[in-house]
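any chance you could fold what I've pasted below:
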Amino acid sequence: MLIHRKEWDKFLTDLHLNVSNSSEIETIDETVAIFAKNGEVLATGSIAGNVIKYVATCTKGEQSAGERFNKIITELMNRLAQKGIYHVFVFTKPMYAKSFGYLGFKELARAEQGVLLEKGRPNITDFLSSLTEKKLVPAGAKKIAAVVMNANPFTLGHCYLVEQAAAENDFVYVFVVSTDRSLFRADERLDLVKKGLSALTNVSVVSGGDYLVSFATFPAYFIQSDEEVMDFQTQIDARIFKNWFVEALGITTRYLGAEPFSKTTSIYNQQLTEVLSDVIDVKIIERKKADDNEEIISATAVRAAIATNQLEKIRNFVPETTFEFIEQHLQELQARIKGGQKTNGN
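Numbers count the residues shown, from 1 in each chain. Take a look at the predicted model:
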């Protein structure tokens, strides 16, 4: 039996789940449900990529909510396996974390509003081991820094931030966000960052994998308030880094770029500092200005120039390798914008 959208909305709303965020709902690949004999919805769950979301069960009928929960998760895991997906994330309320734990999910990070868990391989331990096994950090290095960036695209501002970290530390990890929701694709951004930083011998550029992602993409359907949603997303992002990356990679300092234009990023910087400051140093570096007009370098301005075909305006904003890429792929980038890819944000 198919579950209709109106039924699904009402069932989830009655159980205090937020169905108003269209961008979260649009990512859903499949939804399953359990029905009573009269057709009433008793439980449901959805998958989006390798994320399980919108899981809800009621207490009506003979079967317990726990039994229905187990059936829904088992069915979703089977469907993911059929797609060749064996590593799965779930974001849920803290009160349900134990239920997922019974089914083999492992907690990665927790905030007051919600919990992130994962199941399957390769997991976060495998990801971090893959970095340490490469022996990127030179022997004897004591001051190890980390920079996380989206680099959409890589600018001289990003370069300046990493140069400051490289000058003050023995080694620097530069993690490039792997979420593919930006104008520049994840592989393009990673390549441009590597090329732009190739002269820095104590810097290694790596993908953030499934863990250092754009915090705004974290599902928050179980939270009603927009303010709480952002707090949850930034807290989880910060605690993943604190709980797993700091000790495993020996990181002593996290570098952030000051953000005079984006309130969201400014709040993120503040919360990240609050979460991390008891275990490592956090340094916020003022933004670099363009040499010719003292204008603050911004990736947003670069994307706007691409959209309006005004590349000369941003020649002093990006390294030559980034500028060459933009020139060579201008039509494709503009086509992505015309196709609906946003140029604002980060």
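
OK, contacts around the residue nearest to residue 111 when sequence neighbours are not counted?
Excluding the flanking residues, the one nearest residue 111 by CB to CB, 6 or more residues apart in numbering is residue 235, at 3.7 Å. Yep, even glycine has a C-beta here, placed from its N, CA and C like the rest. Listed by CB atoms under 8 Å, 6 or more residues apart in numbering, the contact set of residue 235 reads 109, 111, 112, 113, 271, 275.

quick check, central residue of the chain?
Using CA atoms, centre = their mean, the residue of the chain that lies closest to the mean C-alpha position is residue 213, 2.3 Å off.

residues touching that one, list them.
Residue 213 sits next to 177, 178, 179, 237 when contact means CB under 8 Å, 6+ apart.

please enumerate the strands of the chain.
30-35, 41-48, 51-57, 88-92, 106-110, 115-119, 144-149, 171-176, 203-207, 253-257, 281-285 (DSSP state E).

right, and those strands - which one's nearest residue 11?
Judged by CB to CB, the one of the strands of the chain that comes nearest to residue 11 is strand 41-48, at 4.5 Å.

pretty sure residue 68 contacts residue 34?
Yes: if you go by CB atoms under 8 Å, residue 68 and residue 34 touch, sitting 5.4 Å apart.

now do the shared contacts for the two.
42, 43, 57.

would you confirm that the second one contacts residue 71?
By that I understand residue 43. Yes: using CB under 8 Å, residue 43 is in contact with residue 71, at 7.3 Å.

the two: which has the busier surroundings?
Here residue 43 and residue 71 are compared on neighbour count by other CB atoms under 10 Å; more neighbours surround residue 43, at 23 against 16.

for residue 33, see how far away the more buried one is.
7 Å (CB to CB, to the nearest Å).

before we move on, what about residue 6?
13 Å.

okay, these two: which has more neighbours?
More crowded of residue 6 and residue 33, by other CB under 10 Å: residue 33, with 21 against 8.

okay, the strands of the chain in a markdown table with mean pLDDT and distance to residue 222 next?
Formatted as a markdown table, the strands of the chain follow (pLDDT from 0 to 100; distance: least, CB to CB, whole Å):
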| stretch | mean pLDDT | distance to residue 222 |
| --- | --- | --- |
| strand 30-35 | 95 | 16 |
| strand 41-48 | 94 | 13 |
| strand 51-57 | 94 | 9 |
| strand 88-92 | 93 | 6 |
| strand 106-110 | 96 | 14 |
| strand 115-119 | 95 | 10 |
| strand 144-149 | 97 | 26 |
| strand 171-176 | 98 | 28 |
| strand 203-207 | 97 | 29 |
| strand 253-257 | 96 | 28 |
| strand 281-285 | 96 | 29 |
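
nearest to residue 131, of these?
With CB to CB as the criterion, residue 131 lies closest to strand 203-207 of the strands of the chain, at 6.5 Å.

pull the distance from the closest one to the chain's centre.
17 Å (CA atoms, centre = their mean, to the nearest Å).

stretch 247-258 now?
Remark: stretch 247-258 is offset 17 Å from the chain centroid, using CA atoms, centre = their mean.

end-to-end on it?
In stretch 247-258, first residue to last residue: 25 Å (CA to CA, to the nearest Å).

give me the buried positions along that stretch.
249, 251, 252, 253, 254, 255, 256, 257 (16 or more other CB atoms under 10 Å).

in the sheet, who's paired with the last one?
So the one you mean is residue 257. Beta bridges link residue 257 to residue 285 when assigned by DSSP bridges.

closest one of the contacts of residue 213 to residue 29?
residue 179 (16.7 Å).

the closest one and residue 27, how far apart?
Distance from residue 179 to residue 27, counting by CB to CB: 12 Å.

what's the overlap in contacts for residue 43 and residue 71?
residue 34.

ok, the residue nearest to residue 180 when sequence neighbours are not counted - contacts?
Leaving aside its chain neighbours, residue 180 sits nearest to residue 186 (4.8 Å; criterion: CB to CB, 6+ apart). Applying CB under 8 Å, 6+ apart, we find residue 186 in contact with 176, 177, 178, 179, 180, 207.

ranking the residues you listed by neighbours, who comes first?
residue 176 (26 neighbours).

can you list the low-confidence ranges for the stretch 201-346 of the chain?
Where the stretch 201-346 of the chain drops to pLDDT under 70, the residues are 214-218, 292-293, 345-346.

rerun that using 80 as the cut-off
Low-confidence segments of the stretch 201-346 of the chain, defined by pLDDT under 80: 213-227, 229-230, 259-264, 290-294, 344-346.

could you pull out the helices for it?
Taking DSSP state H, counting those that start in this stretch as the criterion, the stretch 201-346 of the chain carries its helices at 226-240, 246-249, 263-276, 299-308, 320-328, 330-338.
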